[in-house]
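Asker: output the structure for:
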Amino acid sequence: MKKLKFLILFVTIALISCERDDICAETTVTTPRLLIEFYDVSNTDDLKSVPRLTLYGEDLVTNPEVSSDATIAFNENVNAADLPLQINTEGTVTTSRFIAEKDSNLRIDGTGDSNIDILEISYVPEFIYVSRACGYKSIFTALTVTRVTDTDNWISNNIEIVESTVENENTVHVRIFH
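Answerer: As a prediction, this is how the structure comes out:
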């Protein structure tokens, strides 16, 4: 009888001290993407879609083993895009490059008015502990965005950082004018 009471006490204590299964809920906030919006350079308060935009990370070009999921937009008329940022060493300045091709629907004979601009996005990753089940997420601080200059840019020099820390992917971080 004493052994039975001990066993019941042991099992009760074990059950009370156990945590529920460690499964990261889908609603848990994870590493955010950088949200950019495109605006009219002539009327800076108006959102302006980019015609037939193809947007992808530069790694897609230099590393053919990268998944085709690296394409963010393909020949779409869009006025906003979510860019995934690379996660590097915490506290170290990291740069991601994205190729933004306007009017990407060239004719079969290779003619047309396609125009490619490259965006360089620099930031510092910071790791934040979420939970035992979810692990860590990254946020990005000290955000800067520049356009690589070439002879025919469609993106203006006027790139506005709205939020210099990327913590929430529902917030606009950058406004790009064209």
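
Asker: biggest strand in this protein by residues?
Answerer: Longest strand in the chain by number of residues (criterion: DSSP state E): strand 115-131.

Asker: in its sheet, which strands sit next to that one, and in what direction?
Answerer: Applying DSSP bridges, strand 115-131 is found paired with strand 94-102 (antiparallel), strand 135-148 (antiparallel).

Asker: so which of those is the most surrounded?
Answerer: For the strands paired with strand 115-131, average neighbour numbers computed from mean count of other CB atoms under 10 Å are highest in strand 94-102, which has a mean of 19. Glycine gets a C-beta too; all of them are placed from N, C-alpha and C.

Asker: put the alpha carbons of it into PDB.
Answerer: Taking only C-alpha atoms (Å, rounded to 0.1, in the frame of the first residue of the first chain), the coordinates of strand 94-102 have been written out as PDB:
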ATOM      1  CA  THR A  94      25.100  41.600 -44.100                       C
ATOM      2  CA  THR A  95      24.200  42.600 -47.600                       C
ATOM      3  CA  SER A  96      21.500  41.000 -49.800                       C
ATOM      4  CA  ARG A  97      21.200  42.000 -53.400                       C
ATOM      5  CA  PHE A  98      17.900  41.800 -55.400                       C
ATOM      6  CA  ILE A  99      17.400  42.100 -59.100                       C
ATOM      7  CA  ALA A 100      14.400  44.100 -60.100                       C
ATOM      8  CA  GLU A 101      13.500  43.800 -63.800                       C
ATOM      9  CA  LYS A 102      10.700  46.200 -65.000                       C
END
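
Asker: for stretch 141-156, what is the average pLDDT?
Answerer: Per-residue confidence for stretch 141-156 averages out to 93 on the pLDDT scale.

Asker: and it, end to end?
Answerer: Its start and end residues considered, stretch 141-156 measures 24 Å (CA to CA, to the nearest Å).

Asker: list the contacts of that stretch.
Answerer: Taking CB atoms under 8 Å, 6 or more residues apart in numbering as the criterion, the residues outside stretch 141-156 that touch it are 34, 36, 41, 93, 97, 100, 102, 115-124, 126, 157, 159, 161, 163-166, 173-174, 176-178.
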